[in-house]
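Visitor: Next input, structure requested:
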Amino acid sequence: MLSDAVRIELADELDVAERDRVGIEPLIARHLDIDVVDAYEIQLINIRRKLDNGAKVVGHKVGLSSLAMQQMMGVDEPDYGHLLADMQVFEDVPVETSRYLIPRVEVEVGFILGADLPGADCTEADVLAATVAYAPSIELIDSRIKDWQIGLADTISDNASSAGFVLGAARVAPKDIDIKAIDAVLTRNGEVIAEGRSDAVLGDPVIAVAWLARKVASFGVRLKAGDIVLPGSCTRAIDARAGDSFHAEFAGLGSVRLQFK
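Guide: So this is what the prediction gives:
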């Protein structure tokens, strides 16, 4: 494990990289002994700094929720990051591409919690009972690590490579749709560029949210009423360029769009 001083040093590097939009060398290439605990602590250092400066946590995201991504990273569980209020972008306001390093988009079924979730003992049934609605969403991901050359500790330290999110207008109650069978189609500038289904996320996105509630509990965090949870992508990540217009259509769940300028 890394010393507290080194954790702070690496958090500083990631903070500057995000501010200046200049990627840094992978942490795992420079600190061979960095582990998952180090990485979450580095993430939390920067989240606490942002909270001290007035930021507000509005939810969490789950990453590495597909088997393919876990195999690529050599892990057997997902990871997570924080969603902050100032990370939310909107369908009718084009995003400034220059705010990011190498932005990408992912298609997700968002969860909106209407009640607090239990912590270490959270079950899938608890998630379904607490979820007031599903919403169509696109997550905007980015890496403060140069050229997306990331290992597990890199992405966790970097807030699970999260950078923004947008929710579509539709809200559907869990009882009104099968969360495991939502087909999603993503177009970029009118051309279909990715397709997937909600069960690409651990076979059932509800499993990802329950895992998240248990995982964050070990860091003294709870998922609360009003939180937004992004459980993982239905499709592969797609590069976003200035001028791109994305539209994600979810069967039975409506749509969401995101424009870049």
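
Visitor: Toward the C-terminus, what is the element adjacent to the helix or strand bottoming out on mean pLDDT in the chain?
Guide: When each helix and strand of the chain is scored by mean pLDDT, DSSP states H and E, helix 67-73 comes last, with a mean of 64. Downstream of helix 67-73, the next assigned helix or strand under DSSP states H and E is strand 79-84.

Visitor: Mind listing residues that contact that following strand?
Guide: 36, 43, 47, 50, 55-64, 152, 155-156, 159-162, 165, 212, 215-216, 228, 230 (CB atoms under 8 Å, 6 or more residues apart in numbering). All C-beta atoms are positioned from the backbone trio N, CA, C, and that covers glycine.

Visitor: So what are the sheet partners of that strand and their directions?
Guide: strand 57-63 (antiparallel) (DSSP bridges).

Visitor: in the partner strand, what's buried?
Guide: 58, 59, 60, 61, 62, 63 (16 or more other CB atoms under 10 Å).

Visitor: how far does it sit from the chain's center?
Guide: With CA atoms, centre = their mean, to the nearest Å as the basis, strand 57-63 stands 6 Å off its chain's centre.

Visitor: and which of the buried residues of strand 57-63 is nearest to residue 180?
Guide: residue 62 (15.8 Å; CB to CB).

Visitor: hang on, isn't the closest one packed against residue 229?
Guide: Yes. Counting by CB atoms under 8 Å, residue 229 is a contact partner of residue 62 at 7.4 Å.

Visitor: overlap in contacts of these two?
Guide: Counting by CB under 8 Å, 6+ apart, the residues touching both residue 62 and residue 229 are 209, 212.

Visitor: Just the buried subset of the contacts of strand 79-84, please.
Guide: Buried among the contacts of strand 79-84 (16+ other CB under 10 Å): 43, 47, 50, 55, 58-64, 152, 155-156, 159-162, 165, 212, 215-216, 228, 230.

Visitor: send the alpha carbons of stretch 194-208 over as PDB?
Guide: Output of stretch 194-208 as PDB, limited to C-alpha atoms (Å, rounded to 0.1, in the frame of the first residue of the first chain):
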ATOM      1  CA  ALA A 194     -23.700   0.800 -31.100                       C
ATOM      2  CA  GLU A 195     -26.400  -1.500 -29.900                       C
ATOM      3  CA  GLY A 196     -26.900  -3.400 -26.700                       C
ATOM      4  CA  ARG A 197     -29.200  -4.700 -24.100                       C
ATOM      5  CA  SER A 198     -29.600  -3.900 -20.400                       C
ATOM      6  CA  ASP A 199     -28.600  -7.400 -19.300                       C
ATOM      7  CA  ALA A 200     -25.100  -6.700 -20.500                       C
ATOM      8  CA  VAL A 201     -24.600  -5.200 -17.000                       C
ATOM      9  CA  LEU A 202     -23.900  -8.300 -14.900                       C
ATOM     10  CA  GLY A 203     -26.900 -10.000 -16.400                       C
ATOM     11  CA  ASP A 204     -29.200  -7.600 -14.500                       C
ATOM     12  CA  PRO A 205     -28.400  -3.900 -13.700                       C
ATOM     13  CA  VAL A 206     -30.100  -4.400 -10.300                       C
ATOM     14  CA  ILE A 207     -27.200  -6.600  -9.300                       C
ATOM     15  CA  ALA A 208     -24.800  -3.800 -10.000                       C
END
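
Visitor: Mind checking which of the contacts of strand 79-84 are in strands?
Guide: Secondary structure defined by DSSP state E assigns 57, 58, 59, 60, 61, 62, 63, 162, 165, 228, 230 of the contacts of strand 79-84 to strands.

Visitor: And for the first one, nearest residue in space, chain neighbours not counted?
Guide: When you say that, I think you mean residue 57. residue 82 (5.5 Å; CB to CB, 6 or more residues apart in numbering).

Visitor: quick revisit: just the ones in strands among the contacts of strand 79-84 now: which is nearest residue 132?
Guide: Closest to residue 132, out of all of the ones in strands among the contacts of strand 79-84 and judged by CB to CB, is residue 228, at 11.1 Å.
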